[in-house]
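> A predicted structure for the sequence below; I have some questions about it.
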Amino acid sequence: MRLSTKHKEILIYCISMALLLFLLKWLEARFIVFNYRLDFFIGAIAIVFTVLGIWLALKLVKPKVETRIIEKEVYIDNSAQTEINQKEIAKLGISKRELDVLNLMATGLSNEEIAGKLFISLNTVKTHSSNIFLKLDVKRRTQAAEKAKRLNIIH
């Protein structure tokens, strides 16, 4: 297939127009970059710091420790209820009211709840608790409850 001279002229005209348009666009882009180079530089820095900030925020928000809740069934053998060891209570010198506080402490009640159940002040509960800790030679409520159960002072 031969191109006629008319088609050649149109083709050359189209190619020259495309090259001229490309040259003008290149000069326009160069002029814009030259006149606004500070704006482009500031914009590039802003984009870099925005991306860096997002990345850092995602790293900092990500939890480092994973918390897992494990539920276990605990079987308690209540068939062998033993008698409360009155001799041990007398030996340790635990009063009736301190024994009441110790029983409620072993059930997991707070000092305020114990005071409400026994109709005594919060300071009285704290005094009884500290006396119990001294007599059982423990430092925490859980230790007191465990030791009292081991000594058969409470159920």
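Received the coordinates, thanks.

> alpha carbons only for contacts and neighbour counts from here, please
Will do.

> just the element for L24, please.
In this structure, L24 sits in helix 5-35 according to DSSP states H and E.

> residues of that helix that come out buried?
Residues of helix 5-35 classed as buried by neighbour count (16 or more other CA atoms under 10 Å): none.

> I'd like the average pLDDT over it.
Mean pLDDT, helix 5-35: 83.

> and W55, how far from V65?
According to CA to CA, to the nearest Å, W55 stands 19 Å off from V65.

> show me how the protein divides into domains.
Structural domains assigned to the chain are 5-61, 86-150, following automatic domain parsing.

> which one of those domains lies closest to E71?
Among these, the nearest to E71 by CA to CA is domain 86-150 (18.4 Å).

> to the chain's geometric centre, what's the distance from the closest one?
Going by CA atoms, centre = their mean, to the nearest Å, the spacing between the C-alpha centre of domain 86-150 and its chain's C-alpha centre is 34 Å.

> just the pLDDT for the spatially most central residue of the chain.
With distances taken as CA atoms, centre = their mean, P63 lies nearest the centre of the chain, 6.6 Å away. On the pLDDT scale, P63 is placed at 75.

> low-confidence stretches in this protein?
Along the chain, the model assigns pLDDT under 70 to residues 1-3, 75-82.

> can you give me the helices in it?
Taking DSSP state H, the helices of the chain run over residues 5-35, 37-61, 86-92, 96-106, 111-118, 122-136, 141-150.

> TSV for those helices, including distance to V74?
Listed next are these as TSV, based on distance: least, CA to CA, whole Å:
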stretch	distance to V74
helix 5-35	74
helix 37-61	36
helix 86-92	28
helix 96-106	16
helix 111-118	25
helix 122-136	26
helix 141-150	15
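
> between these, which gets nearest to K72?
With CA to CA, the closest approach to K72 among these belongs to helix 141-150: 18.9 Å.

> please name every helix or strand in contact with that closest one.
The contact analysis (3 or more CA pairs under 8 Å, 6 or more residues apart in numbering; DSSP states H and E) places helix 141-150 against helix 96-106, helix 122-136.
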